[in-house]
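In: build the 3D model from these lines:
(2 chains)
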Amino acid sequence: MKPRSLGLNAVSLLAMLFLYGPIIVLVLYSFNAAHLSMTWRGVTLKWYAALWHDEALLAATVNSLFIALVSTVGATGLGGLLALGMEQMPHRRQQTLEGGLVLPLVIPEVMMGVALMLLFVTVHVPLGLTTVILGHIVFNIPLVTIMIRTRLRKLDPMLREAAADLGADSWQVFRYVTLPLLRPAIWGAVLVAFTVSLDDFLVTFFTAGPGATTLPLKVYSMIKSGVTPEINALSALLLVVSMIGVAGSLYLQRREV
Amino acid sequence: MPPDDVAHITPTAQDSCRSCWLAVPGLLWMILFFLVPLLLVLAISFASRGTYGGIVWEFTWANYLDLLHPLYGKILVQSLCYATVTTAICFLLGFPLAYVIARSPARWQPVLLLLVMLPFWTNFLVRTYAWMILLRHDGLANHLLLALGLITEPLELLYTPTAVVIGLVYGYLPFMVLPLYVAVERLDPVLVEAAWDLYASRWAVLTRVVVPLTMPGIVGGCILVFIPSIGSFITPDLLGGARSMMIGNLIQHEYLVVRDWPLGSAVSFVLMGIVMAAVVLYYRRATPGDGPLEGR
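Out: Here you go, the predicted model:
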């Protein structure tokens, strides 16, 4: 085709550099022996070691993992059933519900956070781990439902019809046909929900009470009190964990039925 | 809404709704913990503030009228400016990127798209923090500029509006690239070629062929960047100074610092109004199915 434009490629390269530069710098500097400056003083693992001995950080990690685990299980169950139930509804209602499910994903997270906080305060539920989990399930249900619905729509209806024709009742059709076909999507949804929950800051920020500090809340308060090499190390770890989660989820979703 | 959905309905779906009840627990959850809280915020935005920060249930428009005060008005306008500038920069960076990806060999396209999306899926706090390291007084950006001889002494980059916009562009660039990629991919190269054959200038090819034909993607991408930008909290909180507050920071400030819940609720609903207007625009103008949720 055209005069291959060099400019176009240059800007794309710049954009990619822009996307990855900061991340790479962050990871590199988490190994920098220098304490506060940007000058390179050799490779060290001491900042990672320091993290390991930070009791508060470990407690926050445990909280985060617990919240992510429970909210993922809850959201996958509720969201998965929602997807299955929706599929049987009249087309119109499906569209309405789908529109409604997009809402939690587009409204500003700050707003979701304050709204939940107001609810809990109004009905006198003390803020803590439980309120955080309830909130995380709220933003994870739409994610799970949409992901599982995407897969459900791609399934060949003939497969289920064939099973029914061969005498399977609706439970057997679900158990032996639909569920195995949905499995990659379900695991994909689990990984996404887990990652999103682990990474969430704003909803947690407004719904967590004392004793419910999560990893992002801890990172936030550390950043607020000043840039330190420990945060670099912690950040680098979090980056790697979420990248693995996403890569895993994508792998599961892309796998052919 | 995609019209081709009808084709996906299974025959069994139409005749019965025996398993519809499966949706009930999930829906109840969303009503109880999403819809009800939103309505509560709406109700409180029309209530007044008690002497000690509590809520007095008396109907009033006062909270919304208060927002006309220059102090709040300034934050509102400032947020709209940041979000608009962010959207524009994302477009200028994202369009060439999307174009190059869509015109690269087919087997590379998914890989390149994944590379664009991957940072988006990492912790937002951490990504914002990365910019704090780069932009601070003795950060890498200043080191680099000094070494290149472009400046003689370090610039104040962090805690400025510029830092906020950089952070927002960084955070939401992937939202621009995806819909643009879809639009460019659908654009028939033959049309562009025809324009060249008819001796159109570079500028004419761009403005009279490429841009008009990819308009749905452009509008979609711009709205998808604008929505999270206008509602952001972390970026202005960490990268902006006290004077670069955005609506999200104002909400947090009213709720947690001033403890004026009615006013905070009114601000929330103004923000929600802006976002909903953008969402409606998105579903009206953009091609359906280009959202960031596809292909997750």
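
In: any idea how far A:V106 lies from A:M16?
Out: Distance, A:V106 to A:M16, using C-beta to C-beta, to the nearest Å: 27 Å. No exception for glycine: its C-beta is placed from N, CA and C like everyone else's.

In: the more surrounded of those two?
Out: A:V106 (19 against 16; other C-beta atoms under 10 Å in any protein chain shown).

In: need the per-residue pLDDT for the residue nearest to that one when sequence neighbours are not counted.
Out: Closest residue in space to A:V106, ignoring its immediate chain neighbours: B:V279 at 5.5 Å, by C-beta to C-beta, 6 or more residues apart in numbering or on different chains. The per-residue pLDDT reported for B:V279 equals 88.

In: what residues does the helix or strand in which A:T204 is found touch?
Out: Per DSSP states H and E: A:T204 is located in helix A:202-207. Residues from elsewhere that reach helix A:202-207 (C-beta atoms under 8 Å, 6 or more residues apart in numbering or on different chains): A:67, A:109-110, A:112-114, A:116-117, A:120, A:127, A:131-132, A:134-136, A:138-139, A:212, A:214, A:216-217, A:220, B:233-234, B:255.

In: which other helices and strands contact the next helix or strand after that helix?
Out: Next in sequence after helix A:202-207, counting helices and strands by DSSP H and E, comes helix A:215-224. In terms of contacts (3 or more C-beta pairs under 8 Å, 6 or more residues apart in numbering or on different chains; DSSP states H and E), helix A:215-224 is packed against helix A:55-87, helix A:202-207, helix A:229-254, helix B:124-135.

In: and among the ones you listed, the most buried is which?
Out: Most buried of the helices and strands packed on helix A:215-224, by mean neighbour count (mean count of other C-beta atoms under 10 Å in any protein chain shown): helix A:202-207, with a mean of 26.

In: so what's A:G248 up against?
Out: Here A:G248 is in contact with A:L191 (criterion: C-beta under 8 Å, 6+ apart).

In: look up how far B:S229 lies from it.
Out: Distance of A:G248 to B:S229, given as C-beta to C-beta: 29 Å.

In: also B:L180?
Out: Distance, B:L180 to B:S229, using C-beta to C-beta: 16 Å.

In: same thing with A:L239?
Out: Separation of A:L239 from B:S229 (C-beta to C-beta): 22 Å.

In: likewise for A:R175?
Out: Counting by C-beta to C-beta - A:R175 and B:S229 are separated by 45 Å.

In: and these two? Which one has more around it.
Out: With neighbours defined as other C-beta under 10 Å, A:R175 and B:S229 compare such that B:S229 has more, 26 against 12.

In: quick check, that one in contact with B:C81.
Out: No - in terms of C-beta atoms under 8 Å, B:S229 does not count as a neighbour of B:C81; the distance is 10.6 Å.

In: wait, does the helix or strand hosting A:P142 contact chain B?
Out: A:P142 is part of helix A:129-154 when elements are defined by DSSP H and E. Yes - using C-beta under 8 Å from any C-beta of the partner chain, a contact is recorded between helix A:129-154 and chain B, made by A:L134, A:G135, A:I137, A:V138, A:I141, A:P142, A:L143, A:T145, A:I146, A:M147, A:T150, A:R153.

In: just the closest residue of the stretch 1-150 of chain B to chain A, please.
Out: Across the stretch 1-150 of chain B, no residue is closer to chain A than B:A23, which sits at 2.8 Å (C-beta to the nearest C-beta).

In: measure the residue most central in space within chain A to chain B for me?
Out: Taking C-alpha atoms, centre = their mean, the centroid of chain A lies closest to A:V196, which sits 1.7 Å from it. Distance, A:V196 to chain B, by C-beta to the nearest C-beta, to the nearest Å: 9 Å.

In: so that residue is in which element?
Out: Per DSSP H and E: helix A:179-199 holds A:V196.

In: export that helix to CSV, keeping only CA atoms.
Out: What follows is helix A:179-199, C-alpha atoms only, in CSV (Å, rounded to 0.1, in the frame of the first residue of the first chain):
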residue,chain,number,x,y,z
LEU,A,179,-20.6,-27.1,32.6
PRO,A,180,-17.7,-28.9,31.0
LEU,A,181,-17.9,-26.5,28.1
LEU,A,182,-18.0,-23.5,30.4
ARG,A,183,-15.1,-24.6,32.5
PRO,A,184,-12.4,-22.5,30.8
ALA,A,185,-14.7,-19.4,31.0
ILE,A,186,-15.4,-20.1,34.7
TRP,A,187,-11.7,-20.5,35.6
GLY,A,188,-11.0,-17.4,33.5
ALA,A,189,-13.6,-15.5,35.5
VAL,A,190,-12.2,-16.8,38.8
LEU,A,191,-8.8,-15.5,37.9
VAL,A,192,-10.1,-12.1,36.8
ALA,A,193,-12.3,-11.7,39.9
PHE,A,194,-9.4,-12.7,42.1
THR,A,195,-7.0,-10.3,40.5
VAL,A,196,-9.5,-7.4,40.5
SER,A,197,-10.3,-8.0,44.1
LEU,A,198,-6.6,-8.2,45.1
ASP,A,199,-5.9,-4.9,43.2
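
In: which strands or helices does it pack on?
Out: Using 3+ C-beta pairs under 8 Å, 6+ apart: helix A:179-199 touches helix A:55-87, helix A:129-154, helix A:229-254.

In: run the last query once more with 10 Å
Out: helix A:55-87, helix A:129-154, helix A:215-224, helix A:229-254, helix B:124-135 (3 or more C-beta pairs under 10 Å, 6 or more residues apart in numbering or on different chains; DSSP states H and E).

In: is the longest one anywhere near chain B?
Out: The reference is to helix A:55-87. Yes - with C-beta under 10 Å from any C-beta of the partner chain as the criterion, chain B is reached by helix A:55-87 at A:74-75, A:77-87.

In: biggest separation within those residues, which pair?
Out: By the measure C-beta to C-beta, A:G74 and A:E87 form the most distant pair in these, at 20.8 Å.

In: so who does the most centrally placed residue in chain B touch?
Out: Geometric centre of chain B, nearest residue: B:P228, 2.7 Å, by C-alpha atoms, centre = their mean. For B:P228, the contact set (C-beta atoms under 10 Å, 6 or more residues apart in numbering or on different chains) comprises A:106, A:108-109, B:83, B:86, B:124, B:168, B:171-172, B:175, B:235, B:275, B:292.

In: look up phi and psi at B:D260.
Out: phi -100, psi 80 (degrees, to the nearest 10).

In: does it really touch B:N63, like I thought?
Out: Yes - at 8.5 Å, B:D260 counts as touching B:N63 under the criterion of C-beta atoms under 10 Å.

In: show me where the stretch 1-150 of chain B has its strands.
Out: B:48-49, B:55-56 (DSSP state E, counting those that start in this stretch).

In: so does the first one get close to chain A?
Out: No - applying C-beta under 10 Å from any C-beta, one finds that strand B:48-49 is not in contact with chain A, the shortest distance being 13.6 Å.

In: ok, that strand: who's next to it in the sheet?
Out: As defined by DSSP bridges, the strand partners of strand B:48-49 come to strand B:55-56 (antiparallel).

In: mind checking how far the nearest residue to A:S71 once chain neighbours are set aside is from chain B?
Out: Leaving aside its chain neighbours, A:S71 sits nearest to A:H136 (3.6 Å; criterion: C-beta to C-beta, 6+ apart). According to C-beta to the nearest C-beta, A:H136 and chain B sit 10 Å apart.

In: poorly predicted segments of chain A, please.
Out: A:1-4, A:36-38, A:255-257 (pLDDT under 70).

In: got it, and the stretch 151-296 of chain B?
Out: In the stretch 151-296 of chain B, residues with pLDDT under 70: B:285-296.

In: got it, and the stretch 1-150 of chain B?
Out: Using pLDDT under 70, the stretch 1-150 of chain B drops low at B:1-16, B:53.
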